[in-house]
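Peer 1: Pasted the sequence and its predicted model underneath.
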Amino acid sequence: MRKTRQIRYFIFLKDVMILALTCFGGPQVHLTMFLERFVKKRNYLTEAELLELQSLCQILPGPTSTQTITALGFRLGGANLAYLTLLIWILPGAILMTLAALGITYIEKGQLANLTRFIKPMGVAFIMFAAFSIGMKVIKTQVSVLLMILAAIAGFFFPSPYITPIWILLGGLATALKFGEQEKMQKEPIRIEWGNFFLWLGVLLFSAGLGAITHSLPIRLFENFYRNGSLTFGGGHILKPLLYNEFVKFKHYLSADEFLSGLAIVEVAPGPVFSISSFVGTLSMRDWGISGELLGSLVATVGIFLPGTFLIFFVIRFWDQLKKYRGIRASLEGINAASTGLTAAAAFSLFQPMYVDLVSVMTIVLTFILLQTRLVPVYLIIVGGLLMGWASA
């Protein structure tokens, strides 16, 4: 029996590796591939169970696809299998983004400007498309429209890393007050095991305190990414403006050109969009040499993915009881609206220096149309942009 379980776990991890190398395009595309492999091919769980698991992860901070696949590993084989699942899932994308950052470090600014001539506006188009796509799905009431607009204004005029969590919490609280519109469900007593919650909170407070005392850049970077991973609702497209505000506009660890290049590259990298953190972490420690860059990648990657793992381990145990409370379900409207507004604010901030450049504007428009119509795969759009930049150099 034990040997049978071990074989099953090995097959599952092999499936995870295949997906880690072939999943492109974010949580919605990932979900389709999860359904095909985990439900139809392997029958690890039913379609309804996977969709419910995905819904749970969408309301938690952190990377949705990563939490979904990690939670599946937890259900199949407990914490040990879940951590192996997490490692295998994030490794290919993190390695690729680290290598990309190392390459950019040694490219002259003039060469980088030529190479990313079309990639930078494409990165803006990706964020615009994310805001548009999310908005079309979640903005359905006057309250959500108002929250989206207010969050967009706040995100644009106050580009602090603390604006995003504040507005997401305010949005959730605002619509939680509309709980009376939700259907009543028969509730059961909630039995909570607090271990993983205290582990998540303890790491957050300890890293923040240690960073403040030591002023060590690696420790502060870990805390920065751990905090962002703890407060990012809505997946990788919401993380991008968070990282831009903190590491480009607030701390100036990266230039806008470098960040936009990373945005474009992560769109063609396999696995979770959160692997953009490996790119940002690497460049944040470039002054320490290559060993420092590798350390920056490591602390950023661990920092961004760890909190979501702790939280999904914590919540999954009592999710069946929690989802029956109307206030929880009602808060999702405000969280989604605020996330959409903040994404739009990031897109507008990045577009500002480009609006006088006709080529950049046309590139944004064309990229947006291609994304909307899905006539061309995302990776071909990026490859085309790189080739055009190289040809125009």
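Peer 2: Nice, thanks for sending it over.

Peer 1: so what secondary structure elements neighbour the helix or strand where T301 lies?
Peer 2: Assigned by DSSP states H and E, T301 belongs to helix 289-315. Applying 3 or more Cβ pairs under 8 Å, 6 or more residues apart in numbering; DSSP states H and E, we find helix 289-315 packed against helix 47-58, helix 64-105, helix 195-214, helix 217-231, helix 276-284. Every C-beta, even on glycine, is put in place using the N, C-alpha and C of the backbone.

Peer 1: which stretch among these comes nearest A345?
Peer 2: Closest of the helices and strands packed on helix 289-315 to A345 is helix 217-231, at 16.1 Å (criterion: Cβ to Cβ).

Peer 1: Touching the closest one from outside, list them.
Peer 2: The contact list for helix 217-231 (Cβ atoms under 8 Å, 6 or more residues apart in numbering) reads 61-63, 161, 164-165, 168, 200, 203-204, 207-208, 210-211, 239, 242-243, 246-247, 274, 277, 281, 284-285, 288, 295-296, 299-308, 311.

Peer 1: Give me the buried subset of those.
Peer 2: Burial by neighbour count, 16 or more other Cβ atoms under 10 Å: within those this picks out 61-63, 161, 164-165, 168, 200, 203-204, 207-208, 211, 239, 242-243, 246-247, 274, 277, 281, 284-285, 295-296, 299-308, 311.

Peer 1: on that earlier part again, just name the most buried of the helices and strands packed on helix 289-315.
Peer 2: Mean neighbour count (mean count of other Cβ atoms under 10 Å) peaks for helix 276-284 among those, with a mean of 30.

Peer 1: does P61 count as helix, strand or coil?
Peer 2: Here P61 is recorded as coil under DSSP: H, G, I helix; E, B strand; the rest coil.

Peer 1: what pLDDT, on average, does the helix holding T301 get?
Peer 2: The average of the pLDDT scores along helix 289-315 is 92.

Peer 1: quick one, that helix and helix 217-231 angle?
Peer 2: Here helix 289-315 runs at an angle of 30 degrees relative to helix 217-231 (axes from the mean of the first three to the mean of the last three Cα atoms, to 10 degrees).

Peer 1: Give me the distance from helix 289-315 to the chain's centre.
Peer 2: Computed by Cα atoms, centre = their mean, to the nearest Å, the separation of helix 289-315 from the middle of its chain amounts to 13 Å.

Peer 1: Next up, phi/psi of V376, please.
Peer 2: As for V376, its main-chain torsions (degrees, to the nearest 10) stand at phi -130, psi 130.

Peer 1: In which helix or strand does the spatially closest residue to it that is not a sequence neighbour reside?
Peer 2: The spatial neighbour of V376 that comes closest, neighbours along the chain excluded (Cβ to Cβ, 6 or more residues apart in numbering), is L370 at 5.0 Å. For L370, the host element (DSSP H and E) is helix 358-373.

Peer 1: Can you list the helices and strands that that helix packs against?
Peer 2: Judged by 3+ Cβ pairs under 8 Å, 6+ apart, the packing partners of helix 358-373 are helix 119-138, helix 378-392.

Peer 1: among those, which is nearest L50?
Peer 2: Among these, helix 119-138 comes nearest to L50, with 19.1 Å by Cβ to Cβ.

Peer 1: Which strands or helices does the closest one pack on?
Peer 2: Judged by 3+ Cβ pairs under 8 Å, 6+ apart, helix 119-138 is in contact with helix 236-243, helix 256-267, helix 326-351, helix 358-373, helix 378-392.

Peer 1: Could you list the buried residues of whichever helix or strand comes after it?
Peer 2: Where DSSP H and E defines the elements, the next helix or strand beyond helix 119-138 is helix 142-157. Buried residues in helix 142-157, counted by 16+ other Cβ under 10 Å: V143, S144, L147, M148, L150, A151, A152, A154, G155, F156.

Peer 1: Surely the first one touches A330?
Peer 2: Translated: V143. No - V143 is not in contact with A330 according to Cβ atoms under 8 Å; the separation is 10.6 Å.

Peer 1: okay, and the common contacts of those two?
Peer 2: Residues within reach of V143 and of A330 at once, by Cβ under 8 Å, 6+ apart, are T175, K178.

Peer 1: Outline the domain layout of this structure.
Peer 2: The chain resolves into domains spanning 2-89, 93-113+140-342 when parsed by automatic domain parsing.

Peer 1: hang on, the earlier thing: tell me the confidence at the residue nearest to V376?
Peer 2: Reported pLDDT for L370: 88.

Peer 1: wait, it sits on I381?
Peer 2: Yes - judged on Cβ under 8 Å, L370 makes contact with I381 at a distance of 5.8 Å.

Peer 1: Among these two, which residue is more densely surrounded?
Peer 2: Using other Cβ atoms under 10 Å, the more surrounded residue of L370 and I381 is I381, with 23 against 19.

Peer 1: In contact with the more buried one, which residues?
Peer 2: M122, T367, L370, L371.

Peer 1: who's in contact with the residue nearest to L243 when sequence neighbours are not counted?
Peer 2: Once flanking residues are discounted, L243 sits nearest to V280: 5.4 Å by Cβ to Cβ, 6+ apart. Neighbouring residues of V280 by Cβ under 8 Å, 6+ apart: A101, L243, F247, Y253, L254, F259, G262, A300.
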